[in-house]
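*Asks:* Test case, fold it:
(chains A and B)
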Amino acid sequence: MAMTWQDFAAEFRVALRLLAPFMASIVPTAMIFGALAVAAGLTGLEAVAMSGLVYSGAAQFTGLELVASGAALPVIALVTALLSLRLMLYGIALIDHIRPMPGWLKAVLAFLMVDTIFFLAKLRFSEPLSPGRRNAFFLAVSLITYVSWLIGTAAGVVLGDRLAVVGRDLGLDFLAYACFAGLLAPYLRLRGGAAAALAAAAGLVIFRDLPHNLGLLLSCATAVAAVMAGRRIVGRRA
Amino acid sequence: MIEPSVAIAAMAASILAVRSIAFAFARRIVLPPLAREALELAAPAIIASLLAMGLVFDRQTGAVDLSLGNDYLIGGLLTVAIAYWLKNFTLATLLGFAAFSAIRLLH
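*Replies:* Residues are numbered from 1 along each chain as shown, chains lettered A, B, ... in the order given. Modelled structure (predicted):
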């Protein structure tokens, strides 16, 4: 179960390779956040602290708006919790891998769970790996993403969002979607995967105007329920 | 306006409480088969929703745009197709980006 330095070094390289296309969207997004935070009246230190302590794009951008618009503290806390519900789901979906981890690793990874980590962990864990290597990958991919987010925020504070805007003009923002598209593909081979994906995409178009990412959660819940119900109906007829 | 440092502390506490639930109670959480099935399906559903959020809507007007003129949508679908056949995540995303850039140049 123990993770060795060799495990960590090897998985660090794998994590870097898998994260490479994500970096082109993680760093500019963090830069935009840093620039916006300063424009909204936060100090550079507060902007970096928010990235370091909250560490969630959706929660940070929304939180910035709420703080600037004078929202009450309980509202800010509740919206943040709502926005992070899917991060809780990610943990539950990886529970079989998390259960045998040492306590210190659980504590670190609980803090560092974001979308990218979950999907890359699922991708990597689909290959046969020793528990030590799995833990090493989980830790490496989480640390690299976290440090990149902090560096991006600090760069945004210092440089403003000019570089990020240039990147968007070049279409670099598409890379984030290319990453998700690449992650979706293996699921289309699973039974019900394509149906769940199509139903969720259709659901998002219907529910997208709901506030605070509720549309995202509702479209996923509806799609999963529809596919599970469909399976049972087809199973009963067969 | 609330002091930003207080808001940051509240957000940090709130998000940590939610995102650490699975890690804190990992030994006690036992997933029934129905929950396992739902979570397996939730992964493609969440990715597809995130994709739809970025690819289906016109960037200026916000209206649904399912036409061939939507470079992001066509590029995204091409990337899914490339990744499906190639089974290599990094290469597929880079080829997908190349396809997207080519489509943009053509338009």
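*Asks:* give me the residue from chain A nearest chain B.
*Replies:* Ranked by C-beta to the nearest C-beta, the top residue of chain A for proximity to chain B is A:G91, at 2.7 Å. C-beta here means a position set from N, CA and C on the backbone, and glycine is covered the same way.
*Asks:* The worst-scoring helix or strand of chain A on mean pLDDT: how far from the chain's middle?
*Replies:* Using mean pLDDT, DSSP states H and E, the weakest-scoring helix or strand in chain A turns out to be helix A:162-169, at a mean of 76. Centroid separation between helix A:162-169 and its chain, computed with C-alpha atoms, centre = their mean, to the nearest Å, is 22 Å.
*Asks:* could you say what helices and strands the host helix or strand of B:A7 packs with?
*Replies:* In this assignment (DSSP states H and E), B:A7 forms part of helix B:4-19. Packing partners of helix B:4-19 (3 or more C-beta pairs under 8 Å, 6 or more residues apart in numbering or on different chains; DSSP states H and E): helix A:44-53, helix A:57-68, helix A:73-83, helix A:85-93, helix A:103-112.
*Asks:* Any chance of JSON lines for those helices, columns distance to A:L159?
*Replies:* Output for the helices and strands packed on helix B:4-19, formatted as JSON lines (distance: least, C-beta to C-beta, whole Å):
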{"stretch": "helix A:44-53", "distance to A:L159": "11"}
{"stretch": "helix A:57-68", "distance to A:L159": "18"}
{"stretch": "helix A:73-83", "distance to A:L159": "27"}
{"stretch": "helix A:85-93", "distance to A:L159": "29"}
{"stretch": "helix A:103-112", "distance to A:L159": "25"}
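*Asks:* With respect to B:A9, which of the ones you listed lies nearest?
*Replies:* Of all the helices and strands packed on helix B:4-19, it is helix A:44-53 that lies closest to B:A9, at 7.6 Å by C-beta to C-beta.
*Asks:* what pLDDT, on average, does that closest one get?
*Replies:* Averaged over helix A:44-53, pLDDT sits at 96.
*Asks:* For that helix, which outside residues touch it?
*Replies:* If you take C-beta atoms under 8 Å, 6 or more residues apart in numbering or on different chains as the criterion, helix A:44-53 is touched by A:30, A:33-34, A:37-38, A:42, A:60, A:63-64, A:149-150, A:152-154, A:156-158, B:4-5, B:8-9, B:11-12.
*Asks:* Repeat the analysis, applying 10 Å as the threshold.
*Replies:* The contact list for helix A:44-53 (C-beta atoms under 10 Å, 6 or more residues apart in numbering or on different chains) reads A:30, A:33-40, A:42-43, A:56-57, A:59-60, A:63-64, A:67, A:111, A:146, A:149-154, A:156-158, B:3-5, B:7-9, B:11-13, B:15-16.
*Asks:* Can I get stretch B:56-70 as CSV, trimmed to CA atoms?
*Replies:* The C-alpha coordinates for stretch B:56-70 follow below in CSV (Å, rounded to 0.1, in the frame of the first residue of the first chain):
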residue,chain,number,x,y,z
VAL,B,56,-23.8,24.5,-27.9
PHE,B,57,-24.4,28.2,-27.3
ASP,B,58,-23.5,31.1,-29.5
ARG,B,59,-20.7,33.1,-27.8
GLN,B,60,-22.2,36.5,-28.7
THR,B,61,-25.9,36.0,-28.4
GLY,B,62,-26.1,33.0,-26.0
ALA,B,63,-28.7,31.3,-28.3
VAL,B,64,-28.6,27.6,-29.0
ASP,B,65,-26.5,27.1,-32.1
LEU,B,66,-26.4,23.5,-33.5
SER,B,67,-25.3,24.6,-37.1
LEU,B,68,-22.2,23.7,-39.0
GLY,B,69,-21.2,27.4,-38.5
ASN,B,70,-20.5,26.7,-34.8
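*Asks:* For the longest helix seen in chain A, buried residues please.
*Replies:* The longest helix of chain A (DSSP state H) is helix A:5-39. For helix A:5-39, the neighbour count (16 or more other C-beta atoms under 10 Å in any protein chain shown) marks A:7-8, A:11-12, A:14-15, A:18-19, A:21-38 as buried.
*Asks:* That's all I had, so thanks and see you.
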